[in-house]
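**Student:** Fold the stuff below for me.
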Amino acid sequence: MWPVVATPFLDDGSIDEESLISEVRFMAGLGVCGLVLGGITSEVHKLSTEEKRSIVSLTASEFGGRMPLVAGCGEASFELTRDSVHHAASCGAFAAMIFPAFAVAAGPGMVRSLFEFCSGSLPLILQDASFFGGQPLEPSSIASIVNDNPAIAAIKIESPPSATRMRAVSRLLARPVSLISGQGGQYLTYELSAGATALFPGPAFPQIYLQFFPHPSPPPQAGEGVSEPDATGLLTESQAVFRSPDRSELPLGLLRFMFQSAEFAIACYKQILVDKSVISSARTRQPGVELDAESVETLRRLAREAGV
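**Tutor:** A predicted model of the protein is given here:
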């Protein structure tokens, strides 16, 4: 279970590095397997390339190799994406996640070329998502791209219906590849049944998901099998120990409220982190969502009821 780190901001809109370190320490203290930097919850779409790389550098410096890190490396060009993968590797990252938004718009051939261009320095994660109106790849295209590129060691499947897409992709894979759940863990029980072996949830209450992975296997060291990653081990939190709790064990009321939209969820995660005194401000970059007083009150009530 690898939570996605939110990016805290100061009042002037710059990155609040002190709060960032507080946040990653908070999550590390909960017993997570690793951290994800530069996901949608990180407001990666509102960060410059330099800011994204600085977050990777700062977090890697804080842990000194003691916490495996996945770096989101998707950029607006092949060259920028590859350079971000190389930067993550130089910081000791465990893997690079690429959300190929611009390439998906151009078709599966462009996505295939992007991942081939970026292969070589780190194991890669292909993020299948349809945030902000993007169109997802067909499961057959995802499987074909992954089958032909041994550097792709995992797929994060978030385009709905996610469990159905996981099963469709899994049937077409020619080798073991880790399937990762997202979307705040809303559909985790279904996705685990469909073959998911890991989860990248939001940052505010990752401990609630540990019940699904009570004895996670320690991940391999960053850089192992870089040329041909061992997909059977990457990001696999031991599906064999998965026990299927009743869905009521997930705070579905809270998750449904938060995930009215991606931007609303980001604002909610940050408000909970502020309420926990983990970060100093719930500020988001614009365009974004600012919670009104009634929404904050509802969020706090649902969080109390969920015990988070």
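**Student:** okay, CA-based contacts and neighbour counts for the rest of this
**Tutor:** Fine.
**Student:** what residues are up against Asn147?
**Tutor:** Leu173, Ala174, Arg175 (Cα atoms under 8 Å, 6 or more residues apart in numbering).
**Student:** out of the residues you listed, which one sits closest to Thr59?
**Tutor:** Nearest to Thr59 among the contacts of Asn147 is Arg175, at 32.5 Å by Cα to Cα.
**Student:** Please confirm that the closest one is located within a strand.
**Tutor:** No. The assignment for Arg175, made by DSSP: H, G, I helix; E, B strand; the rest coil, is coil rather than a strand.
**Student:** burial measure for it, as a count.
**Tutor:** A count of neighbours around Arg175, defined by other Cα atoms under 10 Å, yields 14.
**Student:** ok, now how distant is the nearest residue to it once chain neighbours are set aside from Ala154?
**Tutor:** Using Cα to Cα, 6 or more residues apart in numbering and skipping residues adjacent in sequence, the residue nearest Arg175 is Asn147, 7.0 Å away. Separation of Asn147 from Ala154 (Cα to Cα, to the nearest Å) stands at 11 Å.
**Student:** Repeat that for Ala174.
**Tutor:** Counting by Cα to Cα, the gap between Ala174 and Ala154 amounts to 13 Å.
**Student:** for Leu122, same thing?
**Tutor:** Counting by Cα to Cα - Leu122 and Ala154 are separated by 12 Å.
**Student:** Out of the contacts of Asn147, which comes closest to Gln286?
**Tutor:** Distance to Gln286 across those (Cα to Cα) is lowest for Leu173, with 39.6 Å.
**Student:** got the contact list for the closest one?
**Tutor:** Counting by Cα under 8 Å, 6+ apart, Leu173 has contacts Ala143, Ser144, Val146, Asn147.
**Student:** let's see it at 10 Å
**Tutor:** By Cα atoms under 10 Å, 6 or more residues apart in numbering, Leu173 lies in contact with Pro139, Ser140, Ile142, Ala143, Ser144, Ile145, Val146, Asn147.
**Student:** Ok, Ser48 next?
**Tutor:** Ser54, Glu75.
**Student:** mind starting the numbering at 48 from now?
**Tutor:** Noted, 48 is the first residue going forward, which turns the last one into Ser95.
**Student:** So for it, what's the pLDDT?
**Tutor:** Per-residue pLDDT puts Ser95 at 97.
**Student:** Kindly report the same for the one 3 residues further on.
**Tutor:** The confidence metric pLDDT takes the value 98 at Glu98.
**Student:** What strand or helix carries it?
**Tutor:** If you go by DSSP states H and E, Glu98 is part of helix 96-110.
**Student:** Now do the same for Ser131: helix, strand or coil?
**Tutor:** helix.
**Student:** That one touches Ser104, doesn't it?
**Tutor:** No. With contact defined as Cα atoms under 10 Å, Ser131 does not reach Ser104; the gap is 11.3 Å.
**Student:** Have a look at these two and say which one is more surrounded.
**Tutor:** For Ser131 versus Ser104, neighbours defined as other Cα under 10 Å are more numerous around Ser131 (24 against 17).
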